[in-house]
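In: need coordinates for the below:
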Amino acid sequence: MPWDGNNLFYPTHPRIWHRLPRNPVLFLVRWLYTHQPPIEGPLLPPHATPIKVVCLSDTHNETPEVPDGDILIHAGDLTQNGTFAELQAQLSWLAKLPHQHKIVIAGNHDLLLDATFSVKNGPSHGIEPGTHHTKDELSWGDIIYLSSEFTTLRIRERTLKVFGCPLTHKYGNWAFQHPPTKDIWANIIPSGTDIVVTHGPAKGHLDNDAAGCPHLIRELWRVKPRLAVWGHMHHGRGKETVLWDAVQNMYDTAVGTKAGGIAVFEFGVLVWIWRWLMWLVFGWKMMGRGVFVNAAIVGHWGVEVGTVVEI
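Out: Have a look, this model is predicted:
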């Protein structure tokens, strides 16, 4: 099948013979980054009890099985058409789940939650015909809704800061969108944030072959959260442990999200070789510093369950 990169959400991924001639350096760096010794973790703070986070995104009106955990996160696209009825059904389902803390952000399909979308496209968007329901009438229960803001959670002996933002690159006429060239992420996430929840992915990470946002990954480098959760690009569903180190710096530089020269590449390769030697000779274990999760539930595979991460 020929490569088709025009479908943002369900692309036909390019084969090796398509990628290699286009950018041999990027091909090599991506191969190095995805072929590292096993990474464990993430590393917990000293004497800390693990906190179990259950990650969901892009349920699109589905109500899948949800594992038990301390925190439940939904990274947007609760609905398909963004109507009041759809949103309330999803919120009522989430509110009945037993998790101690529940964090929800909107996605581009959740039209009713975006006031600017209604202004631009007319007040009928997201409102059922023959009704006058608005987002102010939604019943949220014990759900914490974040829209470019943060909250603090207390779980046992630990305190976690959580930031959530629904914005994604403009693609069609949907809610919570911005021009791809505009950097809306610079210094928006508070320093010391433990969990970042966005609807769209960071570029180069669980994002359908680097179709995510380059500004977001630069902001994540600044903050270095313990967990970043997103969805939006369903085909990128998965989990990735990150180290925020020289090898990742080499990769993100090659993808085009960070400025750097040949020294970044050379140092990254040396660290990669050293890491493999330490693992093969001494059995050295690498402990991750953070986790990225694309928690898309609905996709070509059908309907999945939530992704569980311990931080």
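
In: count the neighbours of Leu138 for me.
Out: 17 (other C-beta atoms under 10 Å). Where C-beta positions appear, they are placed from N, C-alpha and C, glycine not excepted.

In: separation between Cys55 and Asp110?
Out: 17 Å (C-beta to C-beta, to the nearest Å).

In: for His60, same thing?
Out: Counting by C-beta to C-beta - His60 and Asp110 are separated by 10 Å.

In: from Asn173, how far out is Gln80?
Out: Distance from Gln80 to Asn173, by C-beta to C-beta: 15 Å.

In: typed the wrong thing, it's Ile297
Out: Counting by C-beta to C-beta - Ile297 and Asn173 are separated by 24 Å.

In: three-state assignment of Ile188?
Out: At Ile188 the chain is in coil, as set by DSSP: H, G, I helix; E, B strand; the rest coil.

In: please work out how many residues are found near it.
Out: Per other C-beta under 10 Å, the neighbour tally for Ile188 reads 15.

In: re the thing from before, overlap in contacts, His60 and Asp110.
Out: Overlap of the contact sets of His60 and Asp110 (by C-beta atoms under 8 Å, 6 or more residues apart in numbering) consists of 77-79.

In: export these to a markdown table and tack on distance to Lys182?
Out: Formatted as a markdown table, the shared contacts of His60 and Asp110 follow (distance: C-beta to C-beta, whole Å):
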| residue | distance to Lys182 |
| --- | --- |
| Asp77 | 21 |
| Leu78 | 25 |
| Thr79 | 26 |
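
In: so where do the strands sit in the stretch 51-200 of the chain?
Out: 52-56, 71-74, 101-104, 144-145, 149-155, 158-165, 168-169, 177-178, 195-198 (DSSP state E, counting those that start in this stretch).

In: I'd say Arg275 and Gln36 touch.
Out: Yes - under the criterion of C-beta atoms under 8 Å, Arg275 lies in contact with Gln36, with a separation of 6.6 Å.

In: what do those two both touch?
Out: 247, 286.

In: rewinding a little: mind putting the strands of the stretch 51-200 of the chain in CSV, distance to Ala228 included?
Out: Below are these laid out as CSV (distance: least, C-beta to C-beta, whole Å):
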stretch, distance to Ala228
strand 52-56, 10
strand 71-74, 10
strand 101-104, 13
strand 144-145, 18
strand 149-155, 14
strand 158-165, 10
strand 168-169, 15
strand 177-178, 19
strand 195-198, 4
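
In: could you check how far Thr193 is from Pro45?
Out: From Thr193 over to Pro45 (counting by C-beta to C-beta), the distance is 15 Å.

In: ignore what I typed, I meant Gly290.
Out: 13 Å.

In: next: Ile262.
Out: In terms of C-beta to C-beta, Ile262 sits 37 Å off from Pro45.

In: report the secondary structure state of the closest residue to Asp183 other than its chain neighbours.
Out: Closest residue to Asp183 apart from its sequence neighbours, by C-beta to C-beta, 6 or more residues apart in numbering: His215 at 4.3 Å. Look at His215: counting by three-state DSSP, its state is helix.

In: surely His215 is in contact with Pro179?
Out: No - applying C-beta under 8 Å as the test, His215 and Pro179 come out as separate, 11.2 Å apart.

In: with neighbour numbers in mind, choose between those two.
Out: His215 (21 against 9).

In: residues near the nearest residue to Met233 once chain neighbours are set aside, how many?
Out: Setting aside the residues directly before and after it, Met233 is nearest to Asn208 in space (C-beta to C-beta, 6+ apart), at 4.5 Å. With neighbours defined by other C-beta under 10 Å, the count for Asn208 comes to 20.

In: my read: Asn208 touches His232, true?
Out: No - Asn208 is beyond contact range of His232, at 9.4 Å (criterion: C-beta under 8 Å).

In: okay, buried residues for stretch 92-112 please.
Out: Using 16 or more other C-beta atoms under 10 Å as the test for burial, stretch 92-112 gives 93-94, 97, 99, 101-112.
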